[in-house]
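> give me a model of this one.
(one chain, ligands or ions: 1)
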Amino acid sequence: MLSCARGSKQNTFLEVTLSQAMTPTAGNWFGKWALITGASAGIGVAFAEELAAGGTKLVLTARRKDRLEALAKKLTESYKVQTEVFAADLAEPSAPEKIFAFTKEKGIEIDLLINNAGFGQYGELPSVDPQRLLDMVQVNCSAVVHLTRLFLPPMIARRKGDVLILASTASFQAVPYISTYAATKAFDLLFAEGLAEEMKPHGIRVCALCPGSTESEFHVVAGQDKFIPNAETAEKVAHTGLKALAAGKSYVISGLGNYLGAHGERLVPRRFVTKVAAGMFKPKTK
Ligand SMILES: NC(=O)c1ccc[n+]([C@@H]2O[C@H](COP(=O)([O-])OP(=O)(O)OC[C@H]3O[C@@H](n4cnc5c(N)ncnc54)[C@H](OP(=O)(O)O)[C@@H]3O)[C@@H](O)[C@H]2O)c1
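As a prediction, the model looks like this:
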């Protein structure tokens, strides 16, 4: 059984029925192939669930193969969709090429690429293992660029395809004590927004999904010792992203409060915003 925050529960019949009822994706990716990175936990699992419910075939990738296989089995049984699993560590620069080669060998044309995998690390920069910071930049930025660069040309040739990139409300401001992570997410937002405009003439939609605090394994993985209230569910966040992508938006912020926060802070000096964020994120022990 999966052990991500939401996935730790068995889906009840009601949950499955509700998720099908709220599914906006059937008309968009029904019968097509989607590739989801970071599909072993949190928001990635929620994308997989919603897309499978809409009849989308899935390539699932992350490092934890056992979880991917369990999810693939469950989705195939529940929704009768084809699934493929490919375990890869996106901190390795060669991983995107390997993932792309896997889909080519299988003769799979990816119509929806979801660059979801990512992680953060709390703490003052000098206290964080340098390799962890470099891996973060590799996973959150370089792998996103590399995968997108590999999968776009076949989409352009077919004149159809969609790319969703996980940014964050942290994309809109500096966040002390998780500064590198916030910077990677600013990169993701600007990369997606620029690409959305570039790809329009080719019939390709690109969207950045910017969640605020979300129920997932993210905070445990990042070693966060402070509770951020009002976290959204991974299901709600994934649904918001897919809906925005289908609507042709170049970015979406999940949740009204997060939207108002991200845009409201533009009205006050940047240094003030950073100072407030420092107060929120300063480790308890400091
Ligand atoms: N949760 C939040 O509050 C929040 C807010 C804003 C944005 N986001 C963004 O949402 C995305 C999904 O995060 P989440 O909240 O769902 O976190 P999560 O529950 O920790 O899931 C992260 C996923 O990324 C994968 N991943 C991490 N490092 C990887 C690596 N080196 N190679 C391959 N896959 C890797 C993990 O799989 P394996 O460990 O099995 O490899 C896992 O499937 C991230 O990009 C995150 O930055 C999250």
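> the ligand contacts on the chain?
Contact residues (C-beta under 6 Å from any ligand atom) of the chain with the ligand: 4, 38-44, 62-64, 89-91, 116-119, 139, 166, 168, 211, 213-214, 216-218, 221. To be clear about C-beta, it is placed using only N, CA and C from the backbone, and glycine gets the same treatment.
> buried ones only from those, please, as a ChimeraX command.
Buried members of the residues of the chain next to the ligand can be picked out in ChimeraX with the line below, counting by 16 or more other C-beta atoms under 10 Å:
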select :4,38,39,40,41,42,43,44,62,89,90,91,116,117,118,119,139,166,168,211,213,214,216,217,218
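> just the residues of the chain next to the ligand: which are in helices?
Among these, the members found in helices (DSSP state H) are 42-44, 218, 221.
> helices along the stretch 101-250 of the chain, start to end?
130-137, 143-158, 179-199, 218-221, 234-246 (DSSP state H, counting those that start in this stretch).
> pLDDT of the fourth one, averaged?
Read it as helix 218-221. For helix 218-221, the mean per-residue pLDDT is 94.
> now the longest one
The average pLDDT within helix 179-199 is 98.
> swap in the first one?
Averaging pLDDT along helix 130-137 yields 98.
> model confidence score at the residue nearest to Ala238 when sequence neighbours are not counted, please.
Nearest non-adjacent residue to Ala238, counting by C-beta to C-beta, 6 or more residues apart in numbering: Ala46, 3.7 Å away. What the model reports for Ala46 is a pLDDT of 98.
> ramachandran coordinates for Ala46?
phi -60, psi -40 (degrees, to the nearest 10).
> would you confirm that it contacts Glu232?
No - look at Ala46 against Glu232 with C-beta atoms under 8 Å: they stay out of range, at 10.5 Å.
> show residues contacting stretch 30-38.
44, 47-48, 51, 54-62, 90, 99, 103, 108-118, 143, 147, 151, 166 (C-beta atoms under 8 Å, 6 or more residues apart in numbering).
> residues contacting Ser206?
I think there's a mix-up here, since residue 206 is Val and not Ser. 162-165, 192, 195-196, 199, 250.
> so the closest residue to it other than its chain neighbours versus Val252, what's the distance?
Distances taken as C-beta to C-beta, 6+ apart put Ala196 closest to Val206, at 4.0 Å, once the chain neighbours are dropped. Per C-beta to C-beta, to the nearest Å, Ala196 is found 11 Å from Val252.
> about what we covered before: just curious, which of the contacts of Val206 is nearest to Arg270?
Ala192 (22.0 Å; C-beta to C-beta).
> could you report the neighbour count for the closest residue to that closest one other than its chain neighbours?
With C-beta to C-beta, 6+ apart as the criterion, Ala192 has its nearest non-adjacent residue at 3.5 Å, and that residue is Ala208. Residues near Ala208, counting by other C-beta atoms under 10 Å, number 29.
> for Met199, same thing?
20.
> repeat that for Ser127.
11.
> also Gly223?
13.
> equivalent analysis for His263, please.
His263: 11 neighbours (other C-beta under 10 Å).
> tell me the contacts of it?
Phe172.
> which element is it on?
helix 256-264 (DSSP states H and E).
> what comes up buried for that helix?
258, 261-262.
> center of the protein - which residue?
What sits nearest the mean C-alpha location of the chain, by C-alpha atoms, centre = their mean, is Asn116, with 2.5 Å.
> fine by me, thanks again.
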